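Visitor: The following comprises the amino acid sequence and a computationally predicted model.
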Amino acid sequence: MTQISQVAFFSSKNYDQQVFSKFTSQSSINVTYIEAKLDELTVTLATGFDTVCVFVNDELNSQVVTQLAELGVKHIALRCAGYNNVDIPTCHQLGITVSHVPVYSPHAIAEHAMALILTLNRRTHKAYNRVKEGNFDLQGLLGFTIHNKTIGVIGTGHIGSAFVNIVKGFGCRVLAYDPYPNSELESVVEYTSLQQLFIDSDIISLHCPLTEDNRHIINQQNIEKMKKGVMLINTSRGGLIETSALIQGLKSQKIAYVGLDVYEMESELFFRDRSCEMIQDDLFQRLTTFHNVLITGHQGFFTQEALNEIAQTTIKNINGFANNDNEHTCFL
Ligand code: NAI
């Protein structure tokens, strides 16, 4: 007999409901959509559910995970690739299964990284506003030709490789650092040390997961090694960059452009309209004052194709767990 999974879907948005309901209406999954993010304050909302479905900024530390186990939750289904927000060892100790969506549309995130580069370089966001106001002055819009520039790619997994292919199309030289080099890329990129990548790159783009070992990999010491005028792009996880060091790098003009889709303390800010609130995060507010910083609110994944893929894989994971089908389930 097919098991009916009772799923508490945290941090839910309208677009999640629209996409997931397309695939759950015919399935053995009963989803309750909850707008709140899962953390220590909201964990009791998981009462009566066997599965919680969570996203990038839900906070599943050891306390939350322990409470989930006490409430009878057996499965945490992440509807994203990264899992730095979940205490996986504690889940395993408590017998909670964790699944994720390892690959959905790596091209979506790689394309967003390229969008940040092009916008920062040619300042199309400023040009758009100027032309709308009848201002056709080019002063301040001077860019550089990307062809022949050296791009440093940190992390050459699914997203990093898609990004490499994009920048190769622009005629760039690509340096890469990854503790596990991708053999398929060895003929198109030059794998090098992290130090050398920092020294030689005109543009550096982060595509590695956040771990305890690489937290603040972009810090004052490493910024000092970079070329003056470097462009830094982060579409991976905010914790890879030490924000105070980034601000110093911008103030000293060592860093000439910054494109961020993620931010260290984004869980307090992103995915909500806060335009009528007093934002309390002074570091974030300082970042927004630089004319050469472009921040988007973690939207790299946000394409129709990626959302469909996320929903389908998450549902497959939930059904797979309920029916002991390990072969078709992405467990961590
Ligand atoms: P992946 O697992 O396919 O590739 C990650 C690569 O990073 C691997 O080759 C791994 O060996 C390498 N790596 C691990 N530690 C490293 C380190 N210290 N230095 C350099 N390389 C290292 O992951 P994928 O799918 O390419 O995703 C990468 C990251 O992108 C995710 O972990 C997630 O944080 C982020 N992401 C962001 C999204 C967004 O909407 N902005 C959406 C999806 C993922």
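Guide: All right, it came through fine. Numbers count the residues shown, from 1 in each chain.
Visitor: can you list the residues of the stretch 201-332 of the chain near the ligand?
Guide: On the criterion Cβ under 6 Å from any ligand atom, the ligand has as its neighbours in the stretch 201-332 of the chain the residues 207-210, 213-214, 235-237, 261-262, 298, 300-301. In short, each C-beta sits where N, CA and C put it, glycine included.
Visitor: Taking these together, which two end up most distant?
Guide: The two members of those with the most space between them (Cβ to Cβ) are Asp213 and Phe301, at 24.2 Å.
Visitor: hmm, the helix or strand encompassing Ile151 touching the ligand?
Guide: In the assignment (DSSP states H and E), Ile151 maps to strand 150-154. Yes. Strand 150-154 comes into contact with the ligand (Cβ under 6 Å from any ligand atom), by way of Ile154.
Visitor: which residues of the stretch 1-150 of the chain fall in helices?
Guide: Ranges of helices within the stretch 1-150 of the chain are 14-24, 62-70, 88-94, 106-122, 124-132, based on DSSP state H, counting those that start in this stretch.
Visitor: out of the ones you listed, deepest packed?
Guide: Comparing these by mean neighbour count (mean count of other Cβ atoms under 10 Å), helix 106-122 ranks first with a mean of 21.
Visitor: For that helix, name the packing helices and strands.
Guide: Applying 3 or more Cβ pairs under 8 Å, 6 or more residues apart in numbering; DSSP states H and E, one finds that helix 106-122 contacts helix 158-169, strand 203-206, strand 230-234, strand 255-260, strand 293-295.
Visitor: ok, back up a step: residues contacting the strand holding Ile151, please?
Guide: Contact partners of strand 150-154, identified using Cβ atoms under 8 Å, 6 or more residues apart in numbering, comprise 160, 163-164, 167, 172-178, 189, 194, 197-198, 200-208, 217.
Visitor: got the angle for it vs helix 106-122?
Guide: With axes from the mean of the first three to the mean of the last three Cα atoms, to 10 degrees applied, the angle from strand 150-154 to helix 106-122 works out at 140 degrees.
Visitor: So that it lines up with my notes, have the first residue be 54 from now on.
Guide: New numbering, starting at 54: the last item is strand 203-207.
Visitor: Can you tell me the strand partners of strand 203-207 and which way each runs?
Guide: strand 226-230 (parallel), strand 256-259 (parallel) (DSSP bridges).
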